[in-house]
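**Q** sharing a sequence plus its predicted fold:
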Amino acid sequence: MKKTLLIIGLIIFTFTTVNAQKGVDFGVKGGINFSNMTSDNFYESDSKIGFHIGLVTEIPFSNKFSIQPEILYSTQGADAKLSMVGGGPLLTEYSLDYILVPILAKVYLSNNWSIEFGPSFNFLINDEAFRPTLQDIIIGEEIIQRKYIDAKGNSFEFSGILGISYKFKENFFGSVRYFQGLTDSIDDDAKNNGFQLGIGFMF
């Protein structure tokens, strides 16, 4: 945890320093996540809706190319059915919270449209997994006492991002991204994937 906080502090310091340089834009962004997880140990999985929010900097190298570092808080996960030997699929709900640090190349197709791609360095800050049992207390259709199990989340994940962005007037922008985990998010050989829909404002 201390290492994660140190990394976050260094990134914020870098964002502030870079923003002081001429021609560099600094802003905020947020939006909705539609995340899922895939694994050979899953019978099937359904996506979860979460959110992301954070800071963004755009460092231009020409009129057509920029580097865009970001730091985001992101809630992700999946509703998975684990394949069980000799039994039916076992439902498990995963909730994984990350600090995401994407460092993206941004190529402008026009004055407004651009494509974004690059790696993201993701630090797990919270993980939970819930598995319904016969001991759960249920009133109506609401489970008011849950059995949480060890989610076995990995502290670091490396992923790739591909997306498209559009600049509106008055410094507003919107983006749609697909992200794909390249390393395991939990010990069950599961990898994150999904879409981010976001809006932001550059100062």
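**A** Perfect, I can see it now.
**Q** switch to C-alpha atoms for all contacts and neighbour counts from now on
**A** Fine.
**Q** please enumerate the strands of this structure.
**A** 25-38, 42-60, 65-82, 90-108, 113-130, 137-139, 142-145, 148-149, 156-167, 172-181, 191-202 (DSSP state E).
**Q** in this structure, what helix or strand scores lowest on average pLDDT?
**A** strand 137-139 (a mean of 51; mean pLDDT, DSSP states H and E).
**Q** and for Lys81, the neighbour number?
**A** Using other Cα atoms under 10 Å, Lys81 has 18 neighbouring residues.
**Q** which residues touch it?
**A** For Lys81, the contact set (Cα atoms under 8 Å, 6 or more residues apart in numbering) comprises Phe42, Tyr43, Glu44, Ser45, Pro89, Leu90, Leu91, Thr92.
**Q** what about the second one, distance to Ile103?
**A** If I follow you right, that is Tyr43. 34 Å (Cα to Cα, to the nearest Å).
**Q** of those two, who's got more company?
**A** Ile103 (21 against 16).
**Q** beta partners of the more buried one?
**A** With DSSP bridges as the criterion, Ile103 is bridged to Pro69.
**Q** cool, and Gly174?
**A** In beta-bridge terms (that is, DSSP bridges), Gly174 pairs with Tyr166, Ile199.
**Q** begin at 28 from here
**A** In the new count, where the first residue is 28, that last one comes out as Gly201.
**Q** wait, isn't it in contact with Ser192?
**A** Yes: counting by Cα atoms under 8 Å, Gly201 touches Ser192, with 5.7 Å between them.
**Q** can I have the buried ones of the contacts of Lys108 as a ChimeraX selection?
**A** Filtering the contacts of Lys108 down to the buried ones (16 or more other Cα atoms under 10 Å) takes a single ChimeraX command:
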select :69,70,71,72,118,119
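**Q** closest one of the contacts of Lys108 to Gly57?
**A** Distance to Gly57 across the contacts of Lys108 (Cα to Cα) is lowest for Ser72, with 25.4 Å.
**Q** contact partners for that closest one?
**A** Ser72 touches Asn63, Met64, Thr65, Ala105, Asp106, Ala107, Lys108, counting by Cα under 8 Å, 6+ apart.
**Q** can you rerun that using 7 Å?
**A** Met64, Ala105, Asp106, Ala107, Lys108 (Cα atoms under 7 Å, 6 or more residues apart in numbering).
**Q** what residues are bridge-paired with it?
**A** With DSSP bridges as the rule, Ser72 is bridged to Ala107.
**Q** then Leu123?
**A** Going by DSSP bridges, Leu123 forms beta bridges with Gln103, Asp154.
**Q** where's it relative to Gln95, distance?
**A** Leu123 is 24 Å from Gln95, by Cα to Cα.
**Q** on that earlier part again, what is the lowest-pLDDT residue among the contacts of Ser72?
**A** Lowest-confidence member of those: Lys108, scoring 83 (pLDDT).
**Q** which non-adjacent residue is nearest that residue?
**A** In space, and not counting its chain neighbours, Lys108 is closest to Leu118: 4.3 Å by Cα to Cα, 6 or more residues apart in numbering.
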